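Engineer: The sequence isn't on hand, but the structure is:
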């Protein structure tokens, strides 16, 4: 996969949309490994030492995801955006779940816990904001597995807004809510052609996704 990325980068005028797509997908897989290395670091005592390693791997993961936007492939951009949000969320959870020192008095421990919460909360908010960036692609008529994953994560992080009962049949309900308007059924033709069948109303087919220029999607410092 590294070779695929290299060949595409060195292709010059011979670079095509096809080679860019293959390279973008390969680069996403490589970036996923960088994310996994970051997520695998737990904040343990001594806290400052593990925190420094976590931050270094976080910076590397953010940089890896940020580079993917240049491919201008909707699928790759959505994947990078999903992982960027998960980087922020993982860091927030890691702070909240970090190993506590054992030599603090109760009053000091309470103050320590409050400080951790104050540090963790902005990263969780950032994660929500970046996941919502994928909804911008959704509103432009693009839907893929990465956007579906972002919707799923938002339903967990903000259930009051995104985990609604009417979406229980799956994320196709969410697509209708954010992107599509249900088409008006045609008037019945003589002889019943074009109208509802005895078995029930005709099934709605969602319109094809429109092409999107990823460079027009705002990333706010993230893919």
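Structural biologist: Perfect, thanks for sending it. Every value quoted in this text rests on a predicted model; they were computed, and no experiment measured them. Numbers count the residues shown, from 1 in each chain.
Engineer: Distance check, residue 117 against residue 124.
Structural biologist: With distances defined as CB to CB, to the nearest Å, the gap from residue 117 to residue 124 amounts to 10 Å. C-betas here are computed from N, CA, C, even on glycine.
Engineer: Who has more neighbours out of those two?
Structural biologist: More crowded of residue 117 and residue 124, by other CB atoms under 10 Å: residue 124, with 17 against 12.
Engineer: Show me what the longest helix along the chain is packed against.
Structural biologist: In terms of residue count, the longest helix belonging to the chain (DSSP state H) is helix 106-139. If contacts are counted by 3 or more CB pairs under 8 Å, 6 or more residues apart in numbering; DSSP states H and E, helix 106-139 sits against helix 74-96, helix 145-157, helix 171-178.
Engineer: Tell me, how many residues neighbour residue 158?
Structural biologist: The criterion is other CB under 10 Å. On that basis, residue 158 has 13 neighbouring residues.
Engineer: Thought residue 125 was touching it, still the case?
Structural biologist: No: in this structure, residue 158 is not within contact of residue 125 by CB atoms under 8 Å, at 10.4 Å.
Engineer: picking up where we left off before, now the angle from the longest helix of the chain to helix 145-157?
Structural biologist: With axes from the mean of the first three to the mean of the last three CA atoms, to 10 degrees as the basis, helix 106-139 and helix 145-157 are set at 140 degrees to each other.
Engineer: what mean pLDDT would you report for helix 106-139?
Structural biologist: For helix 106-139, the mean per-residue pLDDT is 94.
Engineer: And it, how far out from the chain middle?
Structural biologist: On the basis of CA atoms, centre = their mean, to the nearest Å, the separation between the geometric centre of helix 106-139 and that of its chain is 16 Å.
Engineer: Just want the angle from it to helix 74-96.
Structural biologist: Using the same axes, to 10 degrees: helix 106-139 against helix 74-96 is 170 degrees.
Engineer: lowest confidence element among the helices and strands of this structure?
Structural biologist: In the chain, the helix or strand scored least confidently by mean pLDDT, DSSP states H and E is helix 171-178, which has a mean of 37.
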